[in-house]
Each structure stands twice: as C-alpha cells, then as structure tokens.
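**Q** Only the shape, not the letters, is given here:
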C-alpha cells in the first residue's frame, strides 16, 4: 500500500528583543534552550513595583543630611554641658579671685573644650574681670584700679572706667566688637596658647562681656558663661535683663558657677530663662548641688604669747 509520509512542520520562533527598560519597569523573561511544539508568547508588561536592583535612578537620593540644631552636627562640651551650634561663644571669668585650683580647672577645661571643636564651627572667647576683652588682647590696669585700657591684638584701643567698686565698670568711648574665629587646627592651637597665657585681672562685672556678646554679627547660637562669683547686689536684675534679651534673639546661655554657690540664684535665672542650663562645679570639676560643696574652715587666729 502506498504510504503517505507525514511531514511535521517545525516552528521557528524569532523573538525580537526590545531594549531593557529602566530598573523601575523591568520584566523578567524566561528563555528555554529546547524547542516545543506549543508556542508560548512572551507578554510585554509594565510593573509598578520598584526594582530590587540598586542604582542611581529614581529609588534613592544622593546622600544623607547631617543637621543637628543649626545645621552644624556635633559640638563640644564644657564641664559636662553640651555646646551645639554653628557659632559658639565662651564668656570666661579671668578675675583675680579665679586664682589657685579654680584657675587650673578653668584653663584645662576651656583648652580641652576648644580643642574638641569640629572644623565646621566658628567660635570666640571673651574674658572678663572688671573690664572685658577678646581673648589674647593685652589688658593694662591703671594705678589705683580706677581705669583700664585694652590693646586689641588686631589693632585698636578700648578704654574702661571703674565707677566705684569691683562690680561697676563701664566702657569709655569706642566699644569693642569681637569677630568670629574659624575652628581650624592652626586657630585652635593659637587659642589654647592664649588660654594658658592670659593673666587674671581685678574686678567682676557681668555686664561688659554680655554686651560684647550681643554686639557680635552674626549673633552666637549658644553661649557658655562661667564665673566664680557674683557681680554685686544687682546680680539678679542683670541676669533677668540679659536672659530676656537672649530669649528674644533666640540665643541660649548656659551658665557655670565654679566652686562658688553665692551666685547660683542669678546664674540660674540667666541660664534657665534663656533656655539654657545651670551647673555648679566642685574642686574636682564635677557637677554638684549647692549644699554638697565643701565649706572652708575659718582660719584660726594665732594665740598671743612669748616667742
């Protein structure tokens, strides 16, 4: 019998591939290396699901922010008080009563605090006693301690007059305006040398350095104000005036009383009313409560008698 040969037709699939879509719209294609009698079409679909492949497309942005408060990130500390801000101002008591252990504690802590400043910060140091001056300026106290002249290291002279007593000093003529310092290695090294070398001066008046702080342009973000004593009978009124001004200007004042609780009330007002904190520091450089400070025993008078 005649037989008819059955010829099976082979199906050839020519799939034209299109360019790959972006990562957010890629479709998975399954390819086989054998031929089947059944044709399986490859659907063209778009997926709304994000791709798991990382790229520089529309999944993630370029980096992370480092903001903290005023865009400055980390800061430094002073006797445990954290100082964070783009512009940090130190107002430090360099009066004669700061001698001895207070002097050593203050200089070491201030030097360490400045040394820890990040390089993206700006800072300045105002020292005060009766008069006030920018750290590194030369203070010339006149005979009788009735007046003083500040010879600024950048040029210029600024006169101060004592109106009576250690707590009543005012400017006489031109007023000094401190400039900001970039926290570079070279500037910080120079500041640490100044901290170690500047001499203590007679008097204690809080008004001068605070007035200088509010003349700065731009203003500080945060101030650390440290003293070992009061500024006379009007300390509370002075604290209320400058804390109120700081609050209106958006400036935070943190206060430190070094081994002396007598100024605690006024220092608390100056700090807390401006949004800052107050700390009382003992002879070991630690924060304590007012009642925890060791009281000095009164000196005994020598008995009269034969030598």
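**A** Okay, I see it. Please read these numbers as outputs of a predicted model, since none were measured by experiment. Numbers count the residues shown, from 1 in each chain.
**Q** Run through the bridge partners of residue 159.
**A** In this structure, residue 159 has the following beta-bridge partners (DSSP bridges): residue 149.
**Q** For residue 174, see how far away it is.
**A** From residue 159 over to residue 174 the distance is 8 Å, taken as CB to CB, to the nearest Å. Yep, even glycine has a C-beta here, placed from its N, CA and C like the rest.
**Q** Whatever helix or strand residue 264 lives in: what's the following helix or strand?
**A** Assignment of secondary structure by DSSP states H and E places residue 264 within helix 264-272. Beyond helix 264-272 in the direction of the C-terminus, DSSP H and E gives the next helix or strand as strand 278-281.
**Q** Summarise which helices and strands that next one is packed against.
**A** Identification of packing neighbours for strand 278-281 by 3 or more CB pairs under 8 Å, 6 or more residues apart in numbering; DSSP states H and E yields strand 252-258, helix 264-272, strand 287-288.
**Q** Repeat the analysis, applying 6 Å as the threshold.
**A** Applying 3 or more CB pairs under 6 Å, 6 or more residues apart in numbering; DSSP states H and E, we find strand 278-281 packed against strand 252-258, helix 264-272.
**Q** mean confidence score for it?
**A** Averaging the model's pLDDT scores along strand 278-281 yields 96.
**Q** which residues touch that strand?
**A** Residues outside strand 278-281 that contact it (CB atoms under 6 Å, 6 or more residues apart in numbering): 79, 81, 255-258, 267-268, 271, 287-288, 290.
**Q** Please enumerate residues in contact with the helix holding residue 264?
**A** For helix 264-272, the surrounding residues in contact (CB under 6 Å, 6+ apart) are 235-236, 239-240, 243, 253-255, 257, 277-278, 290.
**Q** And the buried ones among those, selectable in ChimeraX?
**A** The command below creates a ChimeraX selection of those among these that count as buried (16 or more other CB atoms under 10 Å):
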select :235,239,243,253,254,255,257,277,278
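**Q** before we move on, the earlier item: tell me what angle the helix holding residue 264 forms with strand 252-258.
**A** Per axes from the mean of the first three to the mean of the last three CA atoms, to 10 degrees, the angle that helix 264-272 makes with strand 252-258 is 150 degrees.
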